[in-house]
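Undergrad: My questions are about this predicted structure, shown below with the sequence.
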Amino acid sequence: MKFFRFLAPLLLVATAGAAGSIDVFHRQWTVPEPSDWNISGDGDAQVLTLQHARNPLPGPRRPIQFALTPIEPYRTLTLEADVQPWQLSLIIVFAYQDEAHFNYAHLSVDTGVKQPVHNGIFHVYGGERVRISSTRGPSAFPVTKKWYHVTLTHDAVAGTVDVSVNGEPIPALHAVDVSLGAGRLGLGSFDETGEFRNVKIVEHR
């Protein structure tokens, strides 16, 4: 019984890390657990649904629940997608090197002033996620359960990232980070659920 009590938490962590892959938007994506995701529609009408939330693992607080796609080395990258938050927020991961080194844009119904760990650009570099953008300006999403058109542009050389929603730039979603450079791209949430469609990725070298 003592051995089982010791082993159970390890089994939970192992289960949470049972990575797999999915094919959607004409690309392959790695995910922590394929059953957390659903793909509906076909061709250019596909919708990717993150239907189960996962909390961050014990240790430094940073997101784990996102689908990652390989990206060829680039100078600048633009992601366009329609996104629908089911709860408060969704995230777009960029410049991903490994599970402890990446950046992400957190798009939320909260403003950064109201909640400093929401609605901003965050940097993960071997530890806890750290906000690297201003808290000023409006939230990315006025309401939830509505589709929004999001554009993220990352300049891997200058280190700049900018996010607009429905064509409007969001001041809190602008930042500069030159420590990571080009990397993989991800779609998901910190600990909530939502949908993605019409995903287009353009790389300039």
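TA: Structure received. Numbering: from 1, shown residues only.
Undergrad: Okay, now the unreliable bits of this structure?
TA: Counting by pLDDT under 70, the chain has low-confidence residues at 1-18.
Undergrad: Which residues are in contact with Ala140?
TA: Leu107, Ser108, Val109, Asn119, Tyr148, Val150, Val163, Val165, Ile170, Ala172, Leu173 (Cβ atoms under 8 Å, 6 or more residues apart in numbering). C-betas here are computed from N, CA, C, even on glycine.
Undergrad: Show me how to select, in PyMOL, the buried members of those.
TA: In PyMOL syntax, the buried subset of the contacts of Ala140 is picked out as below (16 or more other Cβ atoms under 10 Å):
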select buried, resi 107+108+109+119+148+150+163+165+170+172+173
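Undergrad: How many residues are close by the spatially closest residue to Leu57 that is not a sequence neighbour?
TA: Excluding the flanking residues, the one nearest Leu57 by Cβ to Cβ, 6 or more residues apart in numbering is Ile64, at 6.1 Å. If you count neighbours by other Cβ atoms under 10 Å, Ile64 ends up with 16.
Undergrad: Could you give the backbone dihedrals for Ile64?
TA: Phi and psi for Ile64, reported as degrees, to the nearest 10, are phi -130, psi -10.
Undergrad: looking at it, it is touching Pro56, isn't it?
TA: Yes: counting by Cβ atoms under 8 Å, Pro56 is a contact partner of Ile64 at 5.9 Å.
Undergrad: Pull the number of nearby residues for Arg184.
TA: So Arg184, with other Cβ under 10 Å, has 17 neighbours.
Undergrad: and the gap between it and Ile22?
TA: 15 Å (Cβ to Cβ, to the nearest Å).
Undergrad: on that earlier part again, looking at the contacts of Ala140, which is nearest Asn198?
TA: Lowest distance from Asn198 to the contacts of Ala140 (Cβ to Cβ) belongs to Val150, with 10.1 Å.
Undergrad: show me the residues around the nearest residue to Gln65 once chain neighbours are set aside that make contact.
TA: Among residues not flanking Gln65 along the chain, Arg54 sits closest, at 4.3 Å (Cβ to Cβ, 6+ apart). Arg54 sits next to Ala16, Pro32, Glu33, Asp36, Ile64, Gln65, Asp191 when contact means Cβ under 8 Å, 6+ apart.
Undergrad: Number of residues surrounding Pro116?
TA: Neighbours of Pro116 (other Cβ under 10 Å): 12.
Undergrad: That one against Arg131, yeah?
TA: Yes: under the criterion of Cβ under 8 Å, Pro116 makes contact with Arg131 at 6.2 Å.
Undergrad: which other residues reach stretch 34-46?
TA: So stretch 34-46 is in contact with 20-25, 31, 47-52, 54, 65, 67, 197-198, going by Cβ under 8 Å, 6+ apart.
Undergrad: Inside helices: which ones of the residues you listed?
TA: Cross-referencing the contacts of stretch 34-46 against helices under DSSP state H gives no overlap.
Undergrad: and the residues you listed, which are buried?
TA: Looks like the contacts of stretch 34-46 have Ile22, Val24, Phe25, Val31, Val47, Leu48, Thr49, Leu50, Arg54, Gln65, Ala67, Arg197 buried, using 16+ other Cβ under 10 Å.
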